[in-house]
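Asker: Sequence first, predicted coordinates after that:
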Amino acid sequence: MSVLSKDEFFYGHKACAGCGGSLAVRIALKVLGERSIAVLPAGCMSAVGFNFPQLCFGNNAIISTFAGTASMLTGIRAGLKAKGIEDFHAVGFAGDGGTADIGLQALSGAIDRNDDILYICYDNEAYMNTGIQKSSLTPFGAKTTTTPAGKNIHGNMRPKKNMFEIAAAHGIPYAATASVGYINDFISKVKKASGIKGTKYIHVIAPCPTGWGISTDETVEIAKEAVDCGTWYLAEFENGEFRLNFRPKEFSDIGEYLKKQSRFRHLTDEDIKIIENSRNAKWEFIDNNFRK
Amino acid sequence: MARKFLSGNEAFAEGIRLARPEVISAYPITPQTIVVERLSEMVEDGSLKSEFIHVESEHSALSCAMGASAVGARAFTATSSQGLLYMAECLVYASGGRFPIVMMNANRSTALPWNIYGDQRDSLALLDSGWIQAYAENAQEALDLALMSYYIAENKNVSAPFMANLDGFVLTHTYEAVDVPEQDAADKFLPPFKTENKLDLSKPKNMAFSAGPASNYIFKYKEHLGLLNAAAVINEAEEKFCKIFGRKYSGLIEKYLTDDAEYILITLGSISGLVKDVADELREKGEKVGMIRIRYMRPFPNKEIAEAVKNAKAAAVLEKDISFGNEGTVFTNVNSALKKSGVNIPVSDHIGGLGGQDISRADIENIFENMKKGLSDVNFIGIGGDRP
Amino acid sequence: MKPYLREKAPAAFDEIPEFPSYEAGFLTTKNAGWRNFRPVIDTKKCNGCMQCYLYCPDGVISEKDGKAVIDYDFCKGCGICRKICKFNAIEMEAEI
């Protein structure tokens, strides 16, 4: 907590009550401080933060095109570098769709150039701003408004894209996963990233009460439970190596985690078994490839 | 001042070098590539101090330029055809954000069918995107436009992005002798970019925000005023330019032999060179013909065109584009200009040069001849008979 | 420092900025009306650990004299603070 600025930089916004994304943005900015220029593409956080004349960022902040978070960050960094100003943070906050779908090309370009930017993906696992449509980070089985759960199809039938490892595959200087349920871990990762030159990518799970079907006070604990049941994990990629930050002694019940959320309530025991198997396979990979 | 033998692309690159852009972001596309190749060479050899960003798409090229402009840096990009269309979203974003970015567009046909040659469907399809649109006739004008573009775009009463159009291949790849100004003269002409419309670490701003029905229309109206204001600033820029460099330009349109002309052909871009030749030839035969070259499609020279043709018996438009299902876009704009000014003469439309189709001397002579019929119809060069 | 409520919102033609850019942290409306329940801090139980402040998505909790205090102008009543509090120092009370 001591690394956080006393100032609030994201305040008075119109995010839904209990919004995990707004918590991630708020905390990251309190780590980065007033010399931050934030870029937010079309999406929840820009929609709730920039309604003239209600402007909720206390620091410099700008909305980019949906696909243009990373490329606009690049331009900001380059423009100020040309003016001899380098002591600031160029930070992007994009959702799962803005990152893993429409913004992936620009993000890949920025990592490829190793532009000195911090890109934070707040992942609420669907296009929440437009009303809960499937993105490529929507997990297997989740019901969204474009992957309805019925007799024939049980919600989204594709697994979640692995953005963390995609970012790492570029040879990025620093990438990390985080969860708003483990906020101190997130804080230390943002802090660490802010001291590294080049492109940094942090992928933070940020539950959406509206889209996940939980009550507004459950955001933090469900984000914690995602880690505890092993469907999400806390890790870093640095110097070409993956490192696991936290391994639950024993996974909490995955079925319980799923059934708390109305988006998963339709799942059959077989569906849950598939999710459990894929979690186990992922952890086998982690155990074999990640440093502890 | 140095006299060099340069292509249109190279001349434009020289003009951009003299304008000292702080950030250049570009993605290759034929026939634009040479301008960014030259600029990267200039960055390499130190003759241009600029952050050169190798973006992965045109969308990112303009998005990156907007980021640079949003912190008060002078930014440049260049594209053509499909690339321009791919960045279309960013075009309206740049104008709505009031970012005075300069972009060179090498006019090229749009797919399908694929074609790399010059027509003006690409830029005219984006005429309504809120950018100043200029069309150069030759390499010298291309260089001069590059230098003047920032002067115009960055004026605080304008604050609009600037698209300088060069006909693909015909102008971008054709070599001419060009006067290249010295840097100190260029610096005397073009002051450094200053704006209030920027993210500022000592005075934080929220930018490029949403504005609902209560204020959105006011922002849009102010954006419109900015483009209208550009007309006066173009004149101011050209006067100052003439004082320093001695070359004179004529604002939104160029008039050629129009004062006593009975028949006037209105066109834009490099084809005007040939039209002037034909007009000279017909004048020698005693025909009272003239030409108007539209230099700026936005802001549109409504009054200038109406004033220049009001005493003619007829006028015609020659353009390299088609708004499918209607007529040529330039024709639509010209007719609107004449109607508003109460100029009631026949005006016909002649669409040619699509996908690089050759427009010959005879084609232009035919247009002048055709004007005498007093028709207001739409014609496609090369498509004869009774086809509509 | 944080974004704060202003007395007057720009509305007239001349007050609307020339460009879509404006002073950062300019607030013109509250969020208080969103609440059905308001978190109330029992200052006897609160030991100032400030976990509620840390996890508040709206940043409306701050420390005063070693206790948590809530800015009710912007609290939406999500209840995360109540769940986070290990000392049961926060109760949700219905708004009337």
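Answerer: Alright, I've got the coordinates. Numbering: from 1, shown residues only, chains lettered A, B, ... in the order given.
Asker: Get me the contact residues on the stretch 1-150 of chain B for chain A.
Answerer: B:22-23, B:25, B:50-51, B:53-57, B:59-61, B:63-73, B:75, B:89-90, B:93 (CB under 8 Å from any CB of the partner chain). Heads up, the C-betas are built off the backbone N, CA and C, glycines and all.
Asker: Now intersect those with the strands, please.
Answerer: Counted as lying in strands by DSSP state E, out of the residues of the stretch 1-150 of chain B next to chain A, are B:23, B:25, B:51, B:53-54, B:75.
Asker: Break down the chain into its helices, ranges please.
Answerer: In the absence of a named chain, this looks at chain A. A:20-32, A:44-49, A:69-82, A:96, A:104-113, A:163-169, A:183-194, A:209-212, A:219-228, A:254-259, A:269-289 (DSSP state H).
Asker: looking at chain B here, not the other one
Answerer: B:8-19, B:33-45, B:58-70, B:81-86, B:88-96, B:121-125, B:139-154, B:183-189, B:216-245, B:271-284, B:302-309, B:329-340, B:361-371.
Asker: Would you mind finding the most buried of those helices?
Answerer: Stretch with highest mean neighbour count among the helices of chain B: helix B:58-70 (a mean of 31; mean count of other CB atoms under 10 Å in any protein chain shown).
Asker: Let me see the mean pLDDT of stretch B:19-35.
Answerer: The predicted model assigns stretch B:19-35 a mean pLDDT of 97.
Asker: er, stretch B:202-209 actually
Answerer: Mean predicted lDDT for stretch B:202-209 stands at 98.
Asker: pLDDT at the residue most central in space within chain C, what is it?
Answerer: Among the residues of chain C, the one closest to the centroid is C:V60, at 2.8 Å (CA atoms, centre = their mean). C:V60 is assigned a predicted lDDT (pLDDT) of 98.
Asker: I figured it hits C:F74, correct?
Answerer: Yes. Between C:V60 and C:F74 a contact is recorded at 4.8 Å, counting by CB atoms under 8 Å.
Asker: hey, what's in contact with both of those two?
Answerer: Both C:V60 and C:F74 are contacted by A:Y11, under the criterion CB atoms under 8 Å, 6 or more residues apart in numbering or on different chains.
Asker: interface residues of chain C facing chain A?
Answerer: Listed as neighbours of chain A in chain C under the rule CB under 8 Å from any CB: C:1-3, C:5, C:9-11, C:20, C:22-31, C:34-35, C:50, C:54-60, C:74, C:76-80, C:82-84.
Asker: Tell me which entries of those residues lie within helices.
Answerer: Counting by DSSP H, these contribute C:54-55, C:80, C:82-84 to helices.
Asker: Switch those over to JSON lines; also include pLDDT, distance to B:A160 and neighbour count.
Answerer: Converted to JSON lines, these look like this (pLDDT from 0 to 100; distance: CB to CB, whole Å; neighbours: other CB atoms under 10 Å in any protein chain shown):
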{"residue": "C:L54", "pLDDT": "98", "distance to B:A160": "45", "neighbour count": "19"}
{"residue": "C:Y55", "pLDDT": "98", "distance to B:A160": "45", "neighbour count": "22"}
{"residue": "C:I80", "pLDDT": "98", "distance to B:A160": "46", "neighbour count": "29"}
{"residue": "C:R82", "pLDDT": "98", "distance to B:A160": "52", "neighbour count": "19"}
{"residue": "C:K83", "pLDDT": "97", "distance to B:A160": "51", "neighbour count": "17"}
{"residue": "C:I84", "pLDDT": "97", "distance to B:A160": "50", "neighbour count": "19"}
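Asker: Among the residues you listed, find me the one that's closest to chain B.
Answerer: The nearest member of these to chain B, counting by CB to the nearest CB, is C:L54 at 24.1 Å.
Asker: how much distance is there from stretch A:266-278 to the middle of the chain?
Answerer: Between the centre of stretch A:266-278 and the centre of its chain there are 24 Å (CA atoms, centre = their mean, to the nearest Å).
Asker: What lies in contact with it?
Answerer: Stretch A:266-278 is touched from outside by A:139-141, A:143, A:149, A:154-155, A:159, A:231, A:254-255, A:258-259, with contacts defined as CB under 8 Å, 6+ apart.
Asker: Pull out the buried positions in that stretch.
Answerer: A:266-267, A:271-272, A:274-276 (16 or more other CB atoms under 10 Å in any protein chain shown).
Asker: Tell me the one among those nearest to A:Y127.
Answerer: A:H266 (19.9 Å; CB to CB).
Asker: quick one: the residue in the stretch 101-250 of chain A positioned nearest to chain C from B:F209, how far?
Answerer: The stretch 101-250 of chain A approaches chain C most closely through A:D217 (3.2 Å), counting by CB to the nearest CB. Counting by CB to CB, to the nearest Å, the separation of A:D217 from B:F209 is 30 Å.
Asker: Between the two, which is the more surrounded one?
Answerer: Ranked by neighbour count (other CB atoms under 10 Å in any protein chain shown), A:D217 and B:F209 place B:F209 first, with 24 against 21.
Asker: I figured that one was touching A:F57, is that so?
Answerer: No. Assessed by CB under 8 Å, B:F209 is found out of contact with A:F57, at 9.6 Å.
Asker: and A:P139, what are its phi and psi?
Answerer: phi -80, psi 160 (degrees, to the nearest 10).
Asker: Quick one: name the residues of chain C near chain B.
Answerer: C:10-11, C:13, C:16, C:18-26.
Asker: Grab the two from those residues that are most spread out in space.
Answerer: So, these by CB to CB: farthest apart are C:F13 and C:G25, at 24.1 Å.
Asker: By neighbour count, which of the ones in strands among the residues of the stretch 1-150 of chain B next to chain A wins?
Answerer: Going by other CB under 10 Å, B:A75 tops those with 35 neighbours.
Asker: Report pLDDT for it.
Answerer: Looking at B:A75, its pLDDT is 98.
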